[in-house]
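>>> Need the 3D shape of this:
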Amino acid sequence: MAFDDIRAEAPTLRDALRLSDGRLFSPRRSTRLDARTYVGVEFYDPSASASDYTDRIVLGAGVATTSVPALVAELADVGAAALVVRAPDDGDGLERIALDLHVALPVLHHSDGDWAQLANVLRSLLSGHSIGRVSGVRLGDLFGLANAIATLADGAVSIVDSTGQIVGYSTHSEQPIDDVRRRTTLLLQEDISIASDSRYRSLLRASEARHFPSSTDEFGRVGIAVRASGELLGSLWVIQIDPSPAARTRSLLEEMEPIVAQHLLRARAEAGDRDRRTSDLLRTLLEDRRHARGAASQLLIRPEAGCTVVCFRITTFDEVEAMRGLQRVLHLAMSVSGAAFPGSHSAVVGSEVVTLIPGPNAAAVETFTQAVIRIDDALIAGIGTLAYDINGIGRSYREAGATAGVLVSSSLRDDHELRIATFDEMRDRLAILQVADLIDGLDATVGDAASILAEHDAAQGTRLTHTMRVFLDQLGSVRETASALHVHQNTVRYRLDVVRNELGIDIDSPATRLWLWLRLSATARSAV
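This is a model prediction of the structure:
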């Protein structure tokens, strides 16, 4: 539908059917829909006066089928525009009732079930011609919607979801933007967390659009919170360089809010379906050897051209915050990898965000990984080796996950602040940890040096185990151990004397040191 197809002065029932995108329909073709206009949308209330529904679309939420004939006659007598009822099982049964009564009241069917959303859509047509001019944008196309609104507002537009992700923005080159808009567009993420942004918090408390003039430059903002059925979906922002038309921009955003809500809901539903399918196929490719080749075909992956797997993990003990963080990382990984690597795929697999990147360019993969982890200090990433076949993709995934697991290890993170590593960089450490895992199950571990240290720590409240692990990691250097532990060197020497003399552990023996290091490394890994 063209932008100007909907008339500005009064929308018709045909306009309502078009904008509802299939949620609202008439079971019979009728020219009455093209000519019949409406001036309001009301939910049916048996206690209200019938005259209140003149020239209005009446939403029959909760109206029993047996009550429809009488309601149709009542609304027709007062000149209601239409009655909307839930679509019946017998197709056109209710429309036939209306025709049999020889009334001029169209009976429309609602197939979606969410009456509040339908009311928002129908009411959005009453806000003036600007709504009609964006109705030609495909429902869910947030970038097309942003461009249409930017044309009307004469300013750059950003659409932000409820988590602070930039999900749509205008691309008119003649509309100036500031550095904040430029950075957030590149990262697809607001600079400041929405929970910490005073402007955003004040916007959530308001039911109308608000103007936020800039105190440092010419780039002010007009914004409005976007809701549907009471649920916060996000916000809509316009860069307002000239403050004089800010009132008009506010009115425009208040008109646009219901239709933006519908676009956000559709985009979320489409993204959810797409993400679930990608996640299922990616998990099959990585973990199910029997069906991996079929999954690769559906994902349009050509292993022979080279593929690398990257695993991202959140290093937080708060499970709720970790899951929110993973969704934010997933969105960013999909956006950045999609722009840099056509044919890439990302999904949440277990407690990680997994990204499969096509192509043999290792440097580009590392650059992508750095761009993603930059958003959060609690984020780490492991990079697998380059794969050239189906089995190699699964191996690269296991390598990336194992590398990320090593980075989560508190001893490694505290000592070296590593946040990204390739499997090749961690290969030796991973091999030793695998040996340590085997040793941990042997009878020889019972009553050995590591067990003695653990029992002493438990009984006396000391930290000799941790001290010994750091001491061995620092190749037996007292000075480096003291620095890593943030204690005096004499404190380290005293603890080592306790290990030697009180506990009888010969830490000067190379064999004892090797065995103890392997055992303590295994313990550190099991705590991850």
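>>> State the mean pLDDT of the helix or strand where Leu430 lies.
In this assignment (DSSP states H and E), Leu430 forms part of helix 423-440. The predicted model gives helix 423-440 an average pLDDT of 77.
>>> For that helix, enumerate the helices and strands it packs against.
With contacts defined as 3 or more CB pairs under 8 Å, 6 or more residues apart in numbering; DSSP states H and E, the secondary structure elements packing on helix 423-440 are strand 379-383, helix 390-408, helix 510-526. From N, CA and C alone the C-beta is placed, and that goes for glycine too.
>>> quick check: mean pLDDT across the last one?
This points to helix 510-526. Average pLDDT, helix 510-526: 75.
>>> For His79, give me phi and psi.
You called it His, but residue 79 is Gly. phi 80, psi 30 (degrees, to the nearest 10).
>>> Also the one 3 residues further on?
The phi and psi values for Ala82, taken as degrees, to the nearest 10, are phi -170, psi 160.
>>> What sits closest to it if chain neighbours are left out?
Excluding the flanking residues, the one nearest Ala82 by CB to CB, 6 or more residues apart in numbering is Pro106, at 4.5 Å.
>>> I'd like the distance between the one you found and Ser26.
In this view, Pro106 and Ser26 are 6 Å apart by CB to CB, to the nearest Å.
>>> Tell me which of those two has more neighbours.
Neighbours per residue (other CB atoms under 10 Å) separate Pro106 from Ser26, with Pro106 holding more: 22 against 18.
>>> that older thread, now the angle from the helix holding Leu430 to strand 379-383?
Taking axes from the mean of the first three to the mean of the last three CA atoms, to 10 degrees, one finds that helix 423-440 is oriented at 90 degrees with respect to strand 379-383.
>>> Just name whatever secondary elements the helix or strand just after helix 423-440 is in contact with.
Towards the C-terminus, the helix or strand next in line after helix 423-440, according to DSSP H and E, is helix 449-460. For helix 449-460, the helices and strands in contact under the criterion 3+ CB pairs under 8 Å, 6+ apart are helix 464-473, helix 510-526.
>>> Quick one: closest of these to Gly234.
Go through the helices and strands packed on helix 449-460 one by one with CB to CB and the one that ends up closest to Gly234 is helix 510-526, at 41.2 Å.
>>> which secondary structure elements does that closest one contact?
Using 3+ CB pairs under 8 Å, 6+ apart as the contact criterion, the neighbours of helix 510-526 among helices and strands are helix 423-440, helix 449-460, helix 464-473.
>>> And that helix, how far out from the chain middle?
In terms of CA atoms, centre = their mean, to the nearest Å, the gap separating the centre of helix 510-526 from the centre of its chain is 41 Å.
>>> what angle do that helix and helix 449-460 make?
Direction vectors for helix 510-526 and helix 449-460, defined by the same axes, to 10 degrees, enclose an angle of 60 degrees.
>>> Report the angle between helix 510-526 and helix 464-473.
Going by the same axes, to 10 degrees, helix 510-526 is angled at 110 degrees with respect to helix 464-473.
>>> one step back: what does the residue nearest to Ala82 show for phi and psi?
phi -70, psi 140.
>>> List the contacts of it.
By CB atoms under 8 Å, 6 or more residues apart in numbering, the contact list for Pro106 reads Leu13, Ser26, Ser30, Arg32, Leu33, Arg36, Ala81, Ala82, Leu83, Ala98.
>>> Among these, which ones are in strands?
Ala82, Leu83 (DSSP state E).
>>> Got a quick ChimeraX command for the buried subset of the contacts of Pro106?
Under the burial definition 16 or more other CB atoms under 10 Å, those of the contacts of Pro106 that qualify are selected in ChimeraX by:
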select :13,26,33,36,81,82,83,98
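>>> Check the contacts of Pro106 against Thr54 and report the nearest one.
Ala81 (8.5 Å).
>>> Need the residues touching each of Pro106 and Ser26.
Here Pro106 and Ser26 share the contacting residues Leu13, Leu33, scored by CB under 8 Å, 6+ apart.
>>> Show the pLDDT at Ser235.
The predicted local confidence for Ser235 is 92.
>>> And the one 5 residues further on, by the same measure?
For Gln240, the pLDDT comes out at 93.
>>> surely it meets Arg210?
No - between Gln240 and Arg210 there is no contact, the gap being 10.9 Å when judged by CB atoms under 8 Å.
>>> Those two: which is more packed in?
Shown here are Gln240 and Arg210; by other CB under 10 Å, Gln240 has more neighbours (25 against 17).
>>> Can you pull the phi/psi pair for the nearest residue to Phe43 once chain neighbours are set aside?
Across the structure, with CB to CB, 6+ apart as the measure, the residue nearest Phe43 apart from its sequence neighbours is Leu59 (4.9 Å). Backbone geometry at Leu59, expressed as degrees, to the nearest 10, gives phi -90, psi 110.
>>> burial count for the nearest residue to Ser344 once chain neighbours are set aside?
Nearest in space to Ser344, with sequence neighbours left out and distances taken as CB to CB, 6+ apart, is Ser337 at 3.9 Å. For Ser337, the number of neighbouring residues by other CB under 10 Å comes to 24.
>>> who touches Ser337 in this structure?
Contact partners of Ser337, counting by CB under 8 Å, 6+ apart, are Ser344, Ser346, Thr355, Ile357, Phe368.
>>> any idea which helix or strand carries it?
Ser337 is located in helix 319-340, with elements delineated by DSSP H and E.
>>> pLDDT of that helix, averaged?
Confidence for helix 319-340, expressed as mean pLDDT, is 74.
>>> Mind pulling the model confidence for Ala459?
Ala459 is assigned a predicted lDDT (pLDDT) of 90.
>>> To what extent is it buried, counted in neighbours?
Counted with other CB under 10 Å, the neighbours of Ala459 add up to 8.
>>> Which of the contacts of Ser337 fall in helices?
Among the contacts of Ser337, the ones falling in helices (DSSP state H) are Phe368.
>>> Pick out the one among the contacts of Ser337 with the largest number of neighbours.
Looking at the contacts of Ser337 with neighbours defined as other CB under 10 Å, the largest count falls to Thr355 at 29 neighbours.
>>> Show me the beta-bridge partners of that one.
Thr355 has these beta-bridge partners by DSSP bridges: Val310, Ser346.
>>> Which single helix of the protein contains the most residues?
Longest among the helix segments of the chain by residue count, using DSSP H, is helix 246-287.
>>> Can I get the following helix or strand past that one as PDB, trimmed to CA atoms?
Beyond helix 246-287 on the C-terminal side, the first helix or strand identified by DSSP H and E is helix 292-298. Once non-C-alpha atoms are left out, helix 292-298 reads as follows in PDB (Å, rounded to 0.1, in the frame of the first residue of the first chain):
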ATOM      1  CA  ALA A 292      25.400 -32.400  11.000                       C
ATOM      2  CA  ARG A 293      25.700 -32.400   7.200                       C
ATOM      3  CA  GLY A 294      22.000 -31.800   6.700                       C
ATOM      4  CA  ALA A 295      22.100 -29.000   9.200                       C
ATOM      5  CA  ALA A 296      25.000 -27.400   7.400                       C
ATOM      6  CA  SER A 297      23.100 -27.500   4.100                       C
ATOM      7  CA  GLN A 298      20.100 -25.800   5.600                       C
END
